[in-house]
Every structure is written in structure tokens, then in C-alpha cells.
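**Student:** fold the following.
(2 chains)
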Amino acid sequence: MTGRDGNLCSHCLLPIGIRPMQRTVNGEDCSFCCYGCCIAYQVKHGQSEEWEAAWLLIRLGVGAFLTMNIMLISLLLYAGTFSADPWLIPWIHLLLWLFATPALIILGEPYLREMWTAAAQGRVTSSALVVLGVTAAYAYSVFATVEGSEEVYFDTATMVLMLFTVGAYIEAAGRAKAARDLEPLLAAESESATTVDGGVEVRRPVRDIAPGMLVRVRPGERIPVDGVVVEGRSHADESVMTGESRQVVKSAGSTVIAGSMNLDGPLLLRSSGAGSATRWAQICRSVREALSRRSPIQRIADRLVGLSVPLVLLLGGLAVGYWAQTLPFDRALLIGLAVLVVACPCAVGLAAPLATSLGIGRLARCGCLVRDPGTLEALARTRLIAFDKTGTLTSGTSRLVGIATEGATTDLVLARAAGLERYSEHGLARAIIATAEAKGIAPDVAGDVQAVPGRGIKGQVGGEPVAAGNRAFMRDLGWPLPPLLAEKARSLEASGHSVISIGWGGRVHAVLAFDDTPHPEARATIEELRRLGLQVALLTGDLAPAARRIAAMVGIDDVQAELSPEAKQAALDEYRQRHEVVAMVGDGLNDGPVLADADVGIAVGSATDLARETAALVLPKDGLCMLPWVIVVSRAVRLTIVTNLAWAFGYNLIALTLAALGTLQPVLAAAVMASSSLLLVVNSLRLSRLPDPALPGIDRRAPGIEPADIRRNLGVPAMASPATEQR
Amino acid sequence: MTYYLVIFVAGFAGSFHCIGMCGGFACALGRDRGGAAATAGRHVLYNFGRLTTYCFLGAAAGALGEMLCTSRGLAVPVLNGPLDGAQRGLAIVAGLLMIAVALQFFGVLQRFQGATIGFGGSTLAMSLRNLLTSENRAAPVAFGVFNGFLPCPLVYAFAVQAASTASAVSGFLVMLAFGLGTFPAMLMMGGVGRLLAPIWRQRGVWVAGSFILLLGLITLGRGVLPFDTHLHALPQGSPG
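**Tutor:** As a prediction, the model looks like this:
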């Protein structure tokens, strides 16, 4: 939750720039992306004994007090209350000066400091616009007071600062809502857990938990490590990790997943792995990384903001110069001030990061991980999705339905095959192991095992080379297929089964046939994707009959089978020429390079670690049915970014024109500016109201699993943890 | 002047309602270790901060009303004066809102109450506790300023009244009179603490409700009655 490593804001979890605001709150070092977040965080989290939190509020309160008094007195002046006693007016100006000076120091200090640090690095930021404008108005007013002239603008100077500060605060408070979804996911790095060591309970950071430690988890707390329940009985909500909003009963002997929520009973766990090696910690790292990256759109927007500041300064100067020819100097100065204030490009900088962080958080809450914000943008523009077959469209838990042997017993074939396939994560490998287990056959001990992508797996059993894989693999090895087995294999393949050959001693000894059934929700998912206007294709290394059988079952017409990884890449390139942006959904070792090559590589839950490294989006296990929802979310994010940018630029341009024409008062300009970024926040927050993914088999309206309840529960530990720690 | 006196009395009566919420703050602000004078100073500062916010809200509401009226009315000079349509509209809206707030005080329209009170007030109130315990001399002012912004139907009612005057200065004066009206009770709370029996608080709420209802009816009347039959000389842009 904190920006300890200096890349996310402690308050709104948006990436902070190169120049964060550093503060110490409750003894913790915090970094903030802007002044607004700094105030909002201290107001929300500051402990009463914390001097600084109170001091900040006091300053703002006193600043507001002075500003409001200045405004009131100025209003009375404008209304002509004192016109009967003109001798009073210089004294009132003096009083305004007296009020404005401390108000300016109190409210303007953060802006001045920001300008100063930026200037020290040779950059001009938007706070320079505010400081320059306000200082000009103040300096002129001081001059006018000393001179005894009619008009002073202390009210404008202070009110602009006040409105900027209040606007920044409200905006930051709104942005914190966007961070709510992310907090539980980022908590792995900051949360602590209670370990029990010889009857003594110790609070320690989750990352310090070692395998085998006893961990106590109270109701309402997050389960910090993967492990096994030793004692206690409770329900757990594993939605963050598995994407399924379902309460799972946990009692002695049950395994628990780190990051899931312990709902209603105390649990004592024995951790099965290190606290920093859980999937939760991994998610935490990947989400943090995704958030700290910038999308292409955002990079362009940032560059524009950087360019606009000097331009606006120039424009402000020109406006003063132009109007000074026809109007009194003070009027021209006010127009210049309005230009500087209204052109402050805060909203443009906010347009994309807020929407993407909401999108990333939204997806991550349902177990879908995104590599970077650019992924969401690419996914929104995707026109074609190519699927791998095994383990992606099919359940991946294929069943072994037939064994044909020659010169070996079925048991020997299974023992050797299982010995090799223990080292593979391929769907067919699991089927072999499961069959061997069911028959009570112990796998042979295999050594020197090596997986060959797109081909199979080979190794040594008892000093003899053993291999399992497709026919091409056997051909590569130069191992012949006896005619009887070859005939059997052909007929099995013709009926759409997956076939694996097992061989040793220089020849093939058996062929195994697998029945590969599509995921129950695959067909509905494909239909839904079509409804979203996407083309769907099947690219598989499997044989054509099997591919066609599955394709027909799930409703895909465009099938390319018997592709090597290189051929899959070539096929993707071909699609890319026609459809511009293509995504590839895959699983398993074979898909690594293809996923990396696609514009968006999507790996489904059971993806191997290699696939995860290369994929830009990882769906949870059995999460294929979430794909249409993910696309809806990514499109909504992109639409929000585009509307935000259009709004921010349009609004700024119109307001700037009005200000330069002299029709917008500076105070009004400041209000307009504050409301502009607020509107962006409100527009982006609409993303958090997107419906949850409709998962089959789970009735979301069932009692006890109201999404709102779960969300509320999720928010608890993240916010409560610092307090618990201090106890 | 009568008008502002009525507002002052309404503020005074209404302030017994304040004891429920803001009175708690005044109590919590407590005594200063520096003695009775310092304690009094603390409370005066607090109330002064509160008054500033009220006055600011009043002036802003009045200016808003002025903007609403002049943007449509000023172009047609005939409409100035008692027949100004926009101002009548504003008075009707303001009157209805005040009546709604008053009914809330009598326990009617409870659902409406949730809408007015739950507007982010709890977070603000929570964060203010930091200021209550601060030893800093300026803390009570800051606390008063923020306190003034706490969502409160009474303040809303009078802010709406201020808007209906369609003048920044009159709006300011309305809220000044109201704020000063709340001074005695709030200052007393700081001193006498919880001496006031709950029954009196309940009665205070009723009295406050009656005043707001009366004001609401008068304001509504200003909007709907065909001729200038006002209970008092309504100030238009000139103070008092």
C-alpha cells in the first residue's frame, strides 16, 4: 500500500513521477504523486498523536480562514458598502494586505517548493504557472496599496490558491476510490502476519515467513501464506486468487491460498512455502510493475504536458502585452493570470493513468493479471483472437482412452511414460500420470529429462533413452513405428483423438490415444467473443482431425492444424496483415514464443511459468470464460482514456481561449480548472461500476456472497493493518 | 433590520439543535491548561472560524442567487423589483427546501435526512479529531473553519435563504446573523458542557424547526404571493 520503493503514490497508487513529494506519516516514509494526495492521505491516515497531520490541517484551516475573510471584505468593497466613507478604503486595502500575506505563504508554500525542486532539475512544471500568476497578482496589489490606487486583487491571489488546493484534495480523495480495488493485491508487500513460535505470537512482515512456520489468521484477516490448516474451522473467500466469488470451507487438513480472505473463524496454518514466493506475492509484484509502467497514449500526453507549460507562460505574457495596450495594466494582468491558471494541464496528466489503474485493479481483483497498461489498449483494439487447442479450449485434463502396444506390456509402457511425463506440464502428461496412479503403477525414475517444444519429451530410464511425443518427434529421433501401431495410430487420429508415441531402445513400443474434450464454457465464450465483433481462429500443433473435431464442437471455422511454433508465428503474422491487432490465447510450453509474438499474448491459468513470462495477460485457472469480460473492460478503459483526453484538451482549449479573450475571471478560471480534473475522476470512476464477470455455475445472488460484502471484507485488512501492528 | 433579527433569533433557537453534533465538538475542544481566559480564547477562536465559514457560504450563496437572477432578469429592467420572475422562482425553491429541512426537524422526511447528512461528513468529522487534540494556538480557528463546512441541515436551510436574497452582501448578512445567533449556545456549551438536559435539546430542535418552517413559508410566500405583502422590508442588495 505504500510507495516504499518509490514508484507508486501512497495514496492513490498511481505512478509517481521522477519528483515525488516525500513525507513521514505515522512514522512511515510515504511518497505522493501530488499535493492533493499528500493532504488526503494525511487527513485519512494521520494519527491524532501525529503532529504533522494536525499541522497540515491547521495550516489549511487558517489559510481558508484568511482567504474567506479576504473574500468577504472584498465582496463588501465591490458592493460599494464603503463608498460613503472613501477615507476607509486605503485602510481596508491595508487590512487585506495584512490577511493576504500569511495566507499566501501558508497556501502557496507547497507550490513554491514544487516549482523550486523542479527548477533545480532544470524543468518548468505546472505549479510554476500558479506561483507566477499568483505572485504577479499579489505584487501588483501590494504596489497598488502603497500607491493608494482604487483596485487591489488580494482576493484573486488567495482564492486561486485556495481553489487549487481544495480541487487537488477533492480529486485525490476521488482517486483513492480507484485504489480501493488494488489495495488487497498490493498488500502482500506491506502486510504483516502473526506467527506462532513455541506458543509465543510474533507479528512479522509476510515476506519474512519461512516454510514450515505456524501462522495464526484471525477472522477478517487475509491469509498471508500458502499452507495447510492445522486447527480451526472457517470459510475463505478465494476470489482474488481464483476469480471465483465462492466461500470455501476450511478445516484441519485443507490447503489455503495466500491472498484469500479468512471470513469467519480463527485458523492456525502451517506454511508450505516462503511468504515471498506465493502467487499472491507474485501478483502483487506484477500489479505493482504494471501500474508503474506508462502506456503509449500516456507517454504522448505527458510529452504534451511538458511542452505546454512553457507555451502557456509565453501565451500568458502575450495576453498581458496585448491587453495592456487597450486596457489598464491591472486588467491586462488579471487576464494573464486567468490564462496561466486555466491552462494548468493537470487534467491531461491524469487522463490515462487513472483509467488504466482502475482497469488493472478491476481485472486483478478477478484474478486476471495484466503486464502493462499498453496491454489493455492493445486488447481493446484487437480484431482477431487465435486460440491454442490443448489446455486452452479443451479442458487440458484429457483422458487416456486407449493404449496399443507392441513388444511391451501396458504396465511397462505406463511406468516409463509416467516417469518422463512427471517433468512436463502438458495436458496429456497429466492424463498419463493420472492413469498410472489409478492403476497403481509406480513411475520409473527418469533422468536427464528434456522437453522439446512442439514435439515431446525425452530422457533416460535405467541408462536407456526413452522418448514420448508426436510422430514428428519419433521421425526426428529416427525411431520407426511398427506397421501395426502405425495403422492403429492413423485410425485413432482420423477419429480426432490425440495420439502420443512412446519408444525406447531405438523404436516405438506403444501409441497412446487421448480423448480431448472442450471446456464446458468454451463454446459460449467463443460465441460471446463473436458477439463482441472479434474474429476467432484455432492454431494448433495437433493433428488436423482432432483440431477440426474440437473446432466444430466450440464453433470455430478458421482452423490451422499441425503447426510448429514457427508456423504458428507465421500464421499470426499473416492474420496481423489482415486484422492489424491480433491476440493469441495459449497454454503450455509450446506457446511461449507465439504468445510473445502476438500483440497480446494471453495465457490461461494453468500456463507454465515460461508462458507467464511471455504473456501480456494471464487469466486465472479455468478462466477462459472471463476473456469476453476482460475485453469489455479493456474497451471501456480505452474509451474512458479517449474521452478523458478529448475532454481535458477540449476543456483546456476552450477555457484558454475564453481566458485569453478576457471573458474568464481568474477566480472562475481556478474553479473551472479544479472542476475539470474532478470531472475526469468521476468519468474514470465509472469504470469501477462495470459488472463483474458472469461465471458459469456460480449464482452471484446466492446469500452470503454478495460482491459488495466481499469487497468490503477485502478492504478491511489493508486499512486495518497499521493499527493492528501497533497494538 | 427586522429580517436579520428574525434570522438571528432563528439561529439562536436553532443552535440548540447544534448542541447535538457541533456541541460535542465544542465540549471536546475543552479547557485550556492556560486558565479560564485561555479557554475562553480557544472557544472564541473556534466560533470565529465557524462564523467565517458561514459568512463565506452566505456570500457565495447570495452571489450565486444574484448570478441566477441577473443572468435572466437584468436584461429586462421591467422585471426588476417585486415582480422579478427569476427571483420569485428562487424564493419558491428556497422556501420549499427550508420547509423540507424544517419537516425533517419534526421527524418527517427521514429519508431526506440521510441525503443531507451522509454527504461525506463522517470522513471530514473523523479527520477533524486531529485538530481537537492539537495544542497549537491556531488549531481552534482551523477546526472552526472546517466545522462550518460539516453537512448540517440547519446551515443548508440558511444558506438557501441567503441564496434567495439574490445578493452577495445580503447573503453574507443572513449567514452572519445566523452565525451570531448560534454563538451564545455554542459558547455556553464550551463552558457548561453537558449541563443542558436532553429534554431541552429536544425542545430546542422543535423551536428551531418551527423557526425554519416559518422562514420557509415566508420565503415561499415571497415567491408565490401576487403582491408585495412581506412581513418585513426585504433588503435588495443594500445591507440591513
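**Student:** does residue A:273 touch residue A:226 like I think?
**Tutor:** Yes: contact criterion C-beta atoms under 8 Å: residue A:273 and residue A:226 qualify, at 5.2 Å. Every C-beta, even on glycine, is put in place using the N, C-alpha and C of the backbone.
**Student:** quick one: which of the two has more around it?
**Tutor:** Legend: neighbour count by other C-beta atoms under 10 Å in any protein chain shown for residue A:273 and residue A:226, higher for residue A:226 (24 against 17).
**Student:** now chain A against chain B: closest residue?
**Tutor:** residue A:61 (2.2 Å; C-beta to the nearest C-beta).
**Student:** helices or strands up against the host helix or strand of that residue?
**Tutor:** Under the criterion of DSSP states H and E, residue A:61 resides in helix A:51-78. Helix A:51-78 is packed against strand A:21-25, helix A:35-45, helix A:89-120, helix A:154-179, helix B:36-73, helix B:121-132, helix B:139-149, helix B:168-192, with contacts defined by 3 or more C-beta pairs under 8 Å, 6 or more residues apart in numbering or on different chains; DSSP states H and E.
**Student:** in the very next helix or strand once past the fifth one, which residues are buried?
**Tutor:** It refers to helix B:36-73. Going down the chain from helix B:36-73, the next helix or strand is helix B:85-105, by DSSP H and E. Residues of helix B:85-105 classed as buried under the neighbour-count rule (16 or more other C-beta atoms under 10 Å in any protein chain shown) are B:86-88, B:90-95, B:97-105.
**Student:** for stretch A:431-439, same thing?
**Tutor:** Buried residues in stretch A:431-439 (16+ other C-beta under 10 Å): A:431-433, A:435-436.
**Student:** can I get those in TSV with secondary structure, distance to residue B:3 and pLDDT?
**Tutor:** As requested, the buried residues of stretch A:431-439 are exported to TSV (DSSP: H, G, I helix; E, B strand; the rest coil; distance: C-beta to C-beta, whole Å; pLDDT from 0 to 100):
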residue	secondary structure	distance to residue B:3	pLDDT
A:431	helix	88	83
A:432	helix	92	87
A:433	helix	90	87
A:435	helix	93	86
A:436	helix	95	88
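**Student:** can you check the pLDDT for the residue of chain A closest to chain B?
**Tutor:** Predicted confidence (pLDDT) for residue A:61: 86.
**Student:** tell me the residue of chain B that sits nearest chain A?
**Tutor:** residue B:142 (2.2 Å).
**Student:** what's the distance between that residue and residue A:361?
**Tutor:** 34 Å (C-beta to C-beta, to the nearest Å).
**Student:** of these two, give the one with the bigger neighbour count.
**Tutor:** Shown here are residue B:142 and residue A:361; by other C-beta under 10 Å, residue B:142 has more neighbours (29 against 25).
**Student:** wouldn't that one be in contact with residue A:56 here?
**Tutor:** No: counting by C-beta under 8 Å, residue B:142 stays clear of residue A:56, with 9.8 Å between them.
**Student:** which residues touch the residue of chain B closest to chain A?
**Tutor:** A:57-62, A:64-65, B:49, B:131 (C-beta atoms under 8 Å, 6 or more residues apart in numbering or on different chains).
**Student:** next: residue A:523.
**Tutor:** Residue A:523 makes contact with A:553-555 under the criterion C-beta under 8 Å, 6+ apart.
**Student:** who wins on neighbours among the residues you listed?
**Tutor:** residue A:554 (21 neighbours).
**Student:** so what's the residue count around the nearest residue to residue A:78 once chain neighbours are set aside?
**Tutor:** What sits nearest to residue A:78 in space, not counting adjacent residues and going by C-beta to C-beta, 6 or more residues apart in numbering or on different chains, is residue B:168, at 7.9 Å. Here the number of neighbours of residue B:168 (other C-beta under 10 Å) works out to 26.
**Student:** ranges for the helices of the stretch 551-700 of chain A?
**Tutor:** All helices of the stretch 551-700 of chain A, identified by DSSP state H, counting those that start in this stretch, fall at A:565-579, A:592-597, A:609-614, A:627-660, A:666-685.
**Student:** which positions within stretch A:634-651 qualify as buried?
**Tutor:** Those would be A:634-638, A:640-645, A:647-649, A:651, for stretch A:634-651 by 16+ other C-beta under 10 Å.
**Student:** repeat for stretch A:130-143
**Tutor:** So for stretch A:130-143, counting by 16+ other C-beta under 10 Å, buried means A:130-134, A:136-138, A:140-142.
**Student:** also stretch A:195-213?
**Tutor:** A:195-196, A:204-207, A:209, A:213.
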